[in-house]
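S.K.: got a sequence here, can you build the structure:
(one chain, ligands or ions: 1)
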Amino acid sequence: MKLTPQERMLRACRGESVDRPPVWLMRQAGRYLPEYRAVRAKYSFLEMCQTPDAAVEVSLQPIDLLGSEACILFSDIFVPILGLGIDVDFRPGPHVDPPLRSQADVDALAKPDIREAVPYVFDILRQLRREVDSRGVPLLGFAGAPFTLAAYLVEGSGSSHFAALKTLLHREPKVLRSLLDRLVELTVDYLNAQIEAGAQVVQLFDTWAGLLDAAEYREWVLPTHRAIASRVNRAAAPLILYVNNGSHLLDSMLDSGADVMSLDWRVDLADAARRVGSRASIQGNLDPCGLHAPGAEIAKRVRDMAEAGRAARGHILNLGHGCLPGTPVEGVRAFIEAARALSAD
Ligand code: CP3
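M.R.: Numbering: from 1, shown residues only. Below you'll find the predicted structure:
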């Protein structure tokens, strides 16, 4: 079976047979690449997200320079938040000042037509789709999940415990619920607009949902994942669900209905693959710091992951979280080359 990377990715997401697992890396466009830094020197991060030519150029770098087999839109999970009338400052993580804490703050959020609020996102996707079609590579869109967006909006910035968010959950559950509901609407619209603009797979990043225990996850987050999975046009674009630090949530995440469970490196991949079985495909899960290992070691880890992933209906080779700024380019190259050298048996 000879598949294009586009076919291989879509088939792996849906659990159809493939010759070998597809490969890409979360945060594959970024500061570890000198060619990214050269473009970034001319713009602020937000300007880059809002300038289609620059965003298209850096989105394609991992494909053209390193052989990655999927192209992810260059943007940030906070870009659609600008459409709610909130100023977001990247330092480099997102900062929101003042943070949202009350029902009045939630009620004051704008209800934009997302296609008009952040039109450059869809221009980038349309341009990218033309570029990736000529390379046979799939185009991925993405969004931040409501809980992770809420975490930053309530806290005002990144944090290790997100105590302000958890305080709101316990003290003012109605406020948090209405914020999550509002963000579900935004995310469904935003992902469907990305699919219309050419995204062939979409990934939902719920980086911080792992802060919750399984019961809280089921009460607070699972309903948001289910709503998104049922309202996003998954017939046109399969949905990947990523939760960082979520090994204790995997069984509950399966109830979301997402097509692919994206796992971090703390999860034993063989065990996860067996648990997931035919219910979903999996993605992951090398520790991003593992890319500092010698190339031969990285190649062995890739072969081990591919073997472990076989018990699930489909497997996409990836990291367990995004590429870090200090990642050696040779490590990324070794990861991709080892994946591309795998064969069907
Ligand atoms: O995967 C990709 O290559 C697509 C681009 C992408 C970015 N951010 C670019 C970016 C994606 C998918 C994201 C998602 C994102 N952004 C998440 C979810 C996934 C995750 O990593 O947990 C979160 C929580 C954010 C919020 C965010 N944006 C943080 C915490 C930071 C700072 C972290 C850092 O790397 O310094 C950003 C800024 C950001 N987003 C950068 C990039 C390339 C660095 C900006 C720069 O060049 O200065």
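
S.K.: ok, then the element right after the helix or strand where Val106 lies?
M.R.: Per DSSP states H and E: Val106 is located in helix 103-107. Counting by DSSP H and E, the next helix or strand C-terminal to helix 103-107 is helix 114-117.

S.K.: off-centre distance for that next one?
M.R.: How far helix 114-117 lies from its chain's middle: 21 Å, per C-alpha atoms, centre = their mean, to the nearest Å.

S.K.: sorry, back to before: and the helix holding Val106, what's its mean pLDDT?
M.R.: Average pLDDT, helix 103-107: 98.

S.K.: tell me which residues of stretch 174-183 come out buried.
M.R.: Buried residues in stretch 174-183, counted by 16 or more other C-beta atoms under 10 Å: Val175, Leu176, Arg177, Leu179, Leu180, Arg182, Leu183. Using the backbone N, CA and C atoms, a C-beta is placed for each residue, glycine as well.

S.K.: which residues touch it?
M.R.: By C-beta atoms under 8 Å, 6 or more residues apart in numbering, the residues outside stretch 174-183 that reach it are 100-103, 106, 109, 146-147, 149-150, 153-154, 165, 168-169, 220, 224.

S.K.: sorry, back to before: which ones among the buried residues of stretch 174-183 also lie next to the ligand?
M.R.: Among the buried residues of stretch 174-183, proximity to the ligand is found for none (C-beta under 6 Å from any ligand atom).

S.K.: related to what we said a few turns ago, from the contact counts, what lies against the helix holding Val106?
M.R.: helix 173-196 (3 or more C-beta pairs under 8 Å, 6 or more residues apart in numbering; DSSP states H and E).

S.K.: still on that earlier bit, present the buried residues of stretch 174-183 as TSV; the columns should include distance to Arg313 and pLDDT.
M.R.: TSV is the format used below for the buried residues of stretch 174-183 (distance: C-beta to C-beta, whole Å; pLDDT from 0 to 100):
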residue	distance to Arg313	pLDDT
Val175	40	98
Leu176	35	98
Arg177	34	98
Leu179	35	98
Leu180	30	98
Arg182	34	98
Leu183	30	98
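
S.K.: closest to Leu10 out of those residues?
M.R.: Checking these against Leu10 by C-beta to C-beta gives Leu183 as the nearest, at 27.6 Å.

S.K.: circling back to that earlier point, quick one: the helix holding Val106 to chain centroid distance?
M.R.: The answer for helix 103-107 is 28 Å, by C-alpha atoms, centre = their mean.

S.K.: buried ones among the contacts of stretch 174-183?
M.R.: Counted by 16+ other C-beta under 10 Å, the contacts of stretch 174-183 give 100-101, 106, 109, 146-147, 149-150, 153-154, 165, 168-169, 220, 224 as buried.

S.K.: wait, which of these is closest to Leu125?
M.R.: Leu149 (20.0 Å).

S.K.: give me the element that closest one is part of.
M.R.: Going by DSSP H and E, Leu149 is in helix 146-155.

S.K.: which secondary structure elements does that helix contact?
M.R.: Against helix 146-155 (3+ C-beta pairs under 8 Å, 6+ apart) you get helix 163-171, helix 173-196, strand 201-206, helix 222-231.

S.K.: CA atoms only: put the second one into PDB for me.
M.R.: What follows is the C-alpha trace of helix 173-196 in PDB, where atoms were taken according to Å, rounded to 0.1, in the frame of the first residue of the first chain:
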ATOM      1  CA  PRO A 173     -19.300  27.500  39.800                       C
ATOM      2  CA  LYS A 174     -22.000  29.300  37.800                       C
ATOM      3  CA  VAL A 175     -19.600  31.900  36.600                       C
ATOM      4  CA  LEU A 176     -17.000  29.300  35.500                       C
ATOM      5  CA  ARG A 177     -19.800  27.300  33.800                       C
ATOM      6  CA  SER A 178     -21.100  30.300  31.800                       C
ATOM      7  CA  LEU A 179     -17.500  31.200  30.800                       C
ATOM      8  CA  LEU A 180     -16.900  27.600  29.600                       C
ATOM      9  CA  ASP A 181     -20.300  27.600  27.700                       C
ATOM     10  CA  ARG A 182     -19.300  30.800  26.000                       C
ATOM     11  CA  LEU A 183     -15.900  29.300  25.000                       C
ATOM     12  CA  VAL A 184     -17.600  26.100  23.700                       C
ATOM     13  CA  GLU A 185     -19.600  28.300  21.300                       C
ATOM     14  CA  LEU A 186     -16.500  30.100  20.200                       C
ATOM     15  CA  THR A 187     -14.500  26.900  19.700                       C
ATOM     16  CA  VAL A 188     -17.200  25.100  17.700                       C
ATOM     17  CA  ASP A 189     -17.500  28.100  15.400                       C
ATOM     18  CA  TYR A 190     -13.800  28.600  15.100                       C
ATOM     19  CA  LEU A 191     -13.000  25.000  14.300                       C
ATOM     20  CA  ASN A 192     -15.800  24.700  11.700                       C
ATOM     21  CA  ALA A 193     -14.600  27.900  10.100                       C
ATOM     22  CA  GLN A 194     -11.100  26.500   9.900                       C
ATOM     23  CA  ILE A 195     -12.500  23.300   8.300                       C
ATOM     24  CA  GLU A 196     -14.300  25.400   5.700                       C
END
